[in-house]
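**Q** below are the sequence and a predicted model; questions follow.
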Amino acid sequence: MKILVLNGPNLNMLGLREPGIYGSQTYDDLVSFVQQSAQELGLQADMRQSNHEGELVTWIQQARGTADAIVINPAAYTHTSVAILDALLAVNLPAVEVHLSDVHSREPFRRVSYCAMACQHVIAGQGFAGYRTAMQWLKENHPA
Ligand code: DQA
(Lines give C-alpha, C1' and ligand atoms only; values in the text may rest on other atoms or scores of the structure.)
Protein backbone atom coordinates (compact mmCIF):
# COMPACT_ATOMS: atom_id res chain seq x y z
CA MET A 1 0.00 0.00 0.00
CA LYS A 2 1.42 3.37 -1.07
CA ILE A 3 0.68 6.38 1.12
CA LEU A 4 1.31 9.97 0.09
CA VAL A 5 2.27 11.89 3.26
CA LEU A 6 1.89 15.64 2.76
CA ASN A 7 3.04 18.44 5.02
CA GLY A 8 2.08 22.09 4.70
CA PRO A 9 3.74 25.43 5.42
CA ASN A 10 6.30 25.97 8.18
CA LEU A 11 6.61 22.28 9.02
CA ASN A 12 10.10 22.50 7.45
CA MET A 13 10.87 24.74 10.47
CA LEU A 14 10.26 22.00 13.04
CA GLY A 15 12.91 22.10 15.76
CA LEU A 16 13.25 25.89 15.50
CA ARG A 17 9.60 26.74 15.39
CA GLU A 18 7.76 27.24 18.73
CA PRO A 19 9.47 24.24 20.38
CA GLY A 20 7.13 24.52 23.37
CA ILE A 21 4.28 23.52 21.04
CA TYR A 22 5.96 21.45 18.31
CA GLY A 23 8.98 19.98 20.15
CA SER A 24 12.69 20.13 19.42
CA GLN A 25 12.92 17.46 16.71
CA THR A 26 13.44 18.61 13.13
CA TYR A 27 11.57 17.98 9.88
CA ASP A 28 14.34 15.55 8.87
CA ASP A 29 13.69 13.66 12.13
CA LEU A 30 10.01 13.50 11.16
CA VAL A 31 10.89 12.14 7.70
CA SER A 32 13.03 9.40 9.33
CA PHE A 33 10.26 8.60 11.82
CA VAL A 34 7.61 8.30 9.08
CA GLN A 35 9.84 6.16 6.83
CA GLN A 36 10.73 3.84 9.72
CA SER A 37 7.07 3.57 10.80
CA ALA A 38 5.95 2.83 7.23
CA GLN A 39 8.57 0.10 6.92
CA GLU A 40 7.45 -1.49 10.21
CA LEU A 41 3.82 -1.39 9.05
CA GLY A 42 4.71 -2.89 5.65
CA LEU A 43 3.70 0.31 3.80
CA GLN A 44 5.41 2.64 1.33
CA ALA A 45 5.40 6.32 2.33
CA ASP A 46 6.12 9.18 -0.08
CA MET A 47 6.76 12.09 2.32
CA ARG A 48 6.68 15.68 1.02
CA GLN A 49 6.53 19.23 2.39
CA SER A 50 5.62 22.51 0.72
CA ASN A 51 5.03 26.09 1.81
CA HIS A 52 2.83 26.60 -1.29
CA GLU A 53 -0.87 25.81 -1.39
CA GLY A 54 -0.90 25.19 -5.16
CA GLU A 55 1.96 22.70 -4.95
CA LEU A 56 0.06 20.73 -2.31
CA VAL A 57 -3.04 20.81 -4.56
CA THR A 58 -0.99 19.50 -7.52
CA TRP A 59 0.49 16.68 -5.42
CA ILE A 60 -3.00 15.67 -4.24
CA GLN A 61 -4.24 15.63 -7.86
CA GLN A 62 -1.25 13.49 -8.91
CA ALA A 63 -2.01 10.98 -6.15
CA ARG A 64 -4.89 9.67 -8.25
CA GLY A 65 -3.52 6.48 -9.78
CA THR A 66 -0.16 6.71 -8.00
CA ALA A 67 -1.09 6.39 -4.30
CA ASP A 68 -3.64 4.33 -2.38
CA ALA A 69 -4.24 6.81 0.43
CA ILE A 70 -3.22 10.21 1.76
CA VAL A 71 -1.99 11.37 5.17
CA ILE A 72 -2.00 15.15 5.33
CA ASN A 73 -0.88 17.73 7.86
CA PRO A 74 -2.03 20.84 5.98
CA ALA A 75 -0.60 23.04 8.79
CA ALA A 76 -2.07 26.58 8.57
CA TYR A 77 -3.91 25.70 5.33
CA THR A 78 -6.07 23.37 7.44
CA HIS A 79 -8.00 26.38 8.64
CA THR A 80 -8.23 28.32 5.35
CA SER A 81 -7.92 26.17 2.25
CA VAL A 82 -11.01 25.37 0.22
CA ALA A 83 -8.57 24.52 -2.62
CA ILE A 84 -7.00 21.66 -0.64
CA LEU A 85 -10.47 20.49 0.46
CA ASP A 86 -11.63 20.46 -3.17
CA ALA A 87 -8.51 18.58 -4.33
CA LEU A 88 -9.07 15.90 -1.67
CA LEU A 89 -12.74 15.62 -2.68
CA ALA A 90 -11.75 15.43 -6.37
CA VAL A 91 -9.32 12.51 -6.01
CA ASN A 92 -11.62 10.73 -3.56
CA LEU A 93 -8.82 8.70 -1.94
CA PRO A 94 -8.97 7.57 1.71
CA ALA A 95 -7.38 10.41 3.70
CA VAL A 96 -6.43 11.10 7.31
CA GLU A 97 -5.63 14.59 8.65
CA VAL A 98 -2.82 14.80 11.22
CA HIS A 99 -1.70 17.59 13.55
CA LEU A 100 1.32 17.45 15.82
CA SER A 101 -0.33 19.73 18.39
CA ASP A 102 -3.79 19.44 19.91
CA VAL A 103 -5.48 21.98 17.64
CA HIS A 104 -8.73 21.57 19.59
CA SER A 105 -7.24 23.05 22.78
CA ARG A 106 -5.51 26.05 21.12
CA GLU A 107 -6.90 29.27 19.60
CA PRO A 108 -10.53 28.98 18.43
CA PHE A 109 -9.59 29.48 14.74
CA ARG A 110 -7.55 26.24 14.88
CA ARG A 111 -10.72 24.26 15.67
CA VAL A 112 -11.99 24.95 12.14
CA SER A 113 -10.76 22.52 9.48
CA TYR A 114 -11.82 22.68 5.86
CA CYS A 115 -9.59 19.71 4.98
CA ALA A 116 -11.19 17.47 7.62
CA MET A 117 -14.43 17.61 5.61
CA ALA A 118 -12.71 15.37 3.03
CA CYS A 119 -10.89 13.12 5.54
CA GLN A 120 -12.17 9.92 7.11
CA HIS A 121 -10.25 10.47 10.33
CA VAL A 122 -8.42 13.28 12.21
CA ILE A 123 -5.54 12.74 14.66
CA ALA A 124 -4.25 15.67 16.75
CA GLY A 125 -1.94 16.10 19.70
CA GLN A 126 0.09 12.90 19.38
CA GLY A 127 3.24 14.57 18.02
CA PHE A 128 5.21 12.47 15.53
CA ALA A 129 3.32 9.34 16.66
CA GLY A 130 0.17 10.75 15.03
CA TYR A 131 1.61 10.04 11.58
CA ARG A 132 2.15 6.40 12.51
CA THR A 133 -1.37 6.16 13.95
CA ALA A 134 -2.73 7.65 10.71
CA MET A 135 -0.87 5.15 8.50
CA GLN A 136 -1.95 2.26 10.73
CA TRP A 137 -5.57 3.46 10.59
CA LEU A 138 -5.44 3.55 6.78
CA LYS A 139 -3.87 0.10 6.63
CA GLU A 140 -6.61 -1.36 8.86
CA ASN A 141 -9.54 0.50 7.31
CA HIS A 142 -8.58 0.73 3.65
CA PRO A 143 -6.30 -2.18 2.71
CA ALA A 144 -5.07 -1.74 -0.89
C1 DQA B 1 -0.36 22.14 12.89
C2 DQA B 1 -1.44 22.99 13.59
C3 DQA B 1 -1.81 24.20 12.74
O4 DQA B 1 -2.81 24.97 13.38
C5 DQA B 1 -0.59 25.08 12.50
O6 DQA B 1 -0.93 26.15 11.64
C7 DQA B 1 0.57 24.31 12.00
C8 DQA B 1 0.85 22.97 12.52
C9 DQA B 1 0.11 20.97 13.78
O10 DQA B 1 0.72 20.06 13.25
O11 DQA B 1 -0.12 20.99 15.00
O12 DQA B 1 1.36 24.82 11.21
O13 DQA B 1 -0.94 21.58 11.72
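**A** Yes, it's here.
**Q** neighbours around the closest residue in space to residue 125 that isn't next to it in sequence, how many?
**A** Leaving out its chain neighbours, the residue that sits closest to residue 125 by C-beta to C-beta, 6 or more residues apart in numbering is residue 102, at 3.2 Å. Just so you know, the C-beta spots here come from the backbone N, C-alpha and C atoms, and that holds for glycine as well. Counted with other C-beta atoms under 10 Å, the neighbours of residue 102 add up to 13.
**Q** for residue 111, see how far away residue 102 is.
**A** Plainly put, residue 102 is 10 Å away from residue 111 if you go by C-beta to C-beta, to the nearest Å.
**Q** then residue 12?
**A** Separation of residue 12 from residue 111 (C-beta to C-beta): 25 Å.
**Q** more crowded one of those two?
**A** More neighbours surround residue 12 than the other of residue 12 and residue 111, with 18 against 11 (other C-beta under 10 Å).
**Q** near the ligand at all, the helix or strand hosting residue 55?
**A** Assigning secondary structure by DSSP states H and E places residue 55 in helix 53-63. No. Judged by C-beta under 6 Å from any ligand atom, helix 53-63 makes no contact with the ligand; its nearest approach is 12.6 Å.
**Q** list the buried residues for that helix?
**A** In terms of neighbour count (16 or more other C-beta atoms under 10 Å), helix 53-63 has its buried residues at 53, 56, 57, 59, 60, 63.
**Q** just to revisit the earlier point, phi, psi for the residue nearest to residue 125 please.
**A** Per-residue torsions, residue 102: phi -90, psi 90 (degrees, to the nearest 10).
**Q** got it, and residue 72?
**A** With angles defined as degrees, to the nearest 10, residue 72 sits at phi -140, psi 130.
**Q** do a quick rundown of the helices in this structure.
**A** Shown for the chain, the helices assigned by DSSP state H span residues 19-22, 27-41, 53-63, 82-91, 129-141.
**Q** in terms of secondary structure, what does the second one contact?
**A** It refers to helix 27-41. Where contact means 3 or more C-beta pairs under 8 Å, 6 or more residues apart in numbering; DSSP states H and E, helix 27-41 is packed against strand 2-7, strand 44-49, helix 129-141.
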